[in-house]
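Novice: the amino acid sequence is not available; the structure is as follows:
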């Protein structure tokens, strides 16, 4: 399942600028979709609410696995094997990240999350057994999916396979909404959906957009927010962040975090506490933020060597348990 994000947004007041006979203003929209909150600020001479809502509705009909009528849900129940372009786009990126990460990122791994109590299965009170994990691993693996982009069909090697794209789909819909704004001539905007962000242009103060990164303080209530630093978004890019310090539970006295390594079926137990990623698209940032949590610092640094387009901020635990920060391509701004 998708982790709770570590982003704090500084949402700015509405600013109105005279522009001939028309008014170009920074319009702020917010609401709840896909069981998460969204905030959008954009500079336009008219509200684009209907266009934004239409984009979100189309996404929901394709990729929301918690809507039984959505295309992905019908694929999961083997009602259809047909794909639309949104499904093809998401599965293509998922496959690319799956290969680049050595299998650490996998949209077919939801059954493993379920048996550890982080998916749709509730009330889990004990660790999963090796036998349970081995049984599920027989039908988990992106390489067991065959996507035909010509016929728009998918073939599953086992009918029990499911596709749960939550670890990158909010990044994808954030990209889609950003594209919708640009299609209507908007060049200054910030789109945030469930913690995934796309920024372009300037904020209402005429500056780069600034996004806060939370200090990873262990808190399963999701109420403690302490901003550790900020990043300035000056050119169009997507940003996403993942963390383990809020989504966890105890099984028979053992703390288990939600990051499951789908290569083994067991919790990752890595040293990265939070990973913030800036990438050319938000779908990539979203997928990689999740992936780095599973890889851990050492393996993540090796992956970064072959993916220069990714910029990151990792907060990780040092040998003595102290918090340390690794930055690449991003110069964070300390918060006083």
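Specialist: That came through fine. Since the structure is predicted, the reported quantities are computational estimates derived from the model, not experimental observations.

Novice: can we go C-alpha only for contacts and neighbour counts from here?
Specialist: OK.

Novice: longest strand in this structure, please.
Specialist: Under DSSP state E, the strand in the chain containing the largest number of residues is strand 22-33.

Novice: quick one: the strands in the stretch 151-300 of the chain?
Specialist: Assigned by DSSP state E, counting those that start in this stretch, the stretch 151-300 of the chain shows strands spanning 153-156, 189-193, 196-200, 209-214, 227-233, 237-243, 248-251, 254-257, 260-261, 266-267, 272-279.

Novice: quick one: which of those is nearest residue 67?
Specialist: Shortest distance between residue 67 and the strands of the stretch 151-300 of the chain, using CA to CA, is found for strand 189-193: 17.8 Å.

Novice: and the closest one, what does it pack against?
Specialist: For strand 189-193, the contact count by 3 or more CA pairs under 8 Å, 6 or more residues apart in numbering; DSSP states H and E identifies strand 36-44, helix 166-183, strand 196-200 as packing neighbours.

Novice: now render the strands of the stretch 151-300 of the chain as CSV, adding mean pLDDT, distance to residue 291 and mean neighbour count.
Specialist: As requested, the strands of the stretch 151-300 of the chain are arranged in CSV below (pLDDT from 0 to 100; distance: least, CA to CA, whole Å; neighbours: other CA atoms under 10 Å):
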stretch, mean pLDDT, distance to residue 291, mean neighbour count
strand 153-156, 97, 23, 17
strand 189-193, 98, 19, 26
strand 196-200, 97, 15, 28
strand 209-214, 90, 18, 22
strand 227-233, 90, 21, 18
strand 237-243, 93, 9, 28
strand 248-251, 59, 17, 16
strand 254-257, 66, 14, 16
strand 260-261, 88, 9, 24
strand 266-267, 86, 13, 18
strand 272-279, 94, 9, 26
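
Novice: columns distance to residue 91 on top of those strands, output as CSV?
Specialist: Written out in CSV, the entries for the strands of the stretch 151-300 of the chain read as follows (distance: least, CA to CA, whole Å):
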stretch, distance to residue 91
strand 153-156, 10
strand 189-193, 20
strand 196-200, 18
strand 209-214, 28
strand 227-233, 27
strand 237-243, 18
strand 248-251, 28
strand 254-257, 26
strand 260-261, 19
strand 266-267, 24
strand 272-279, 18
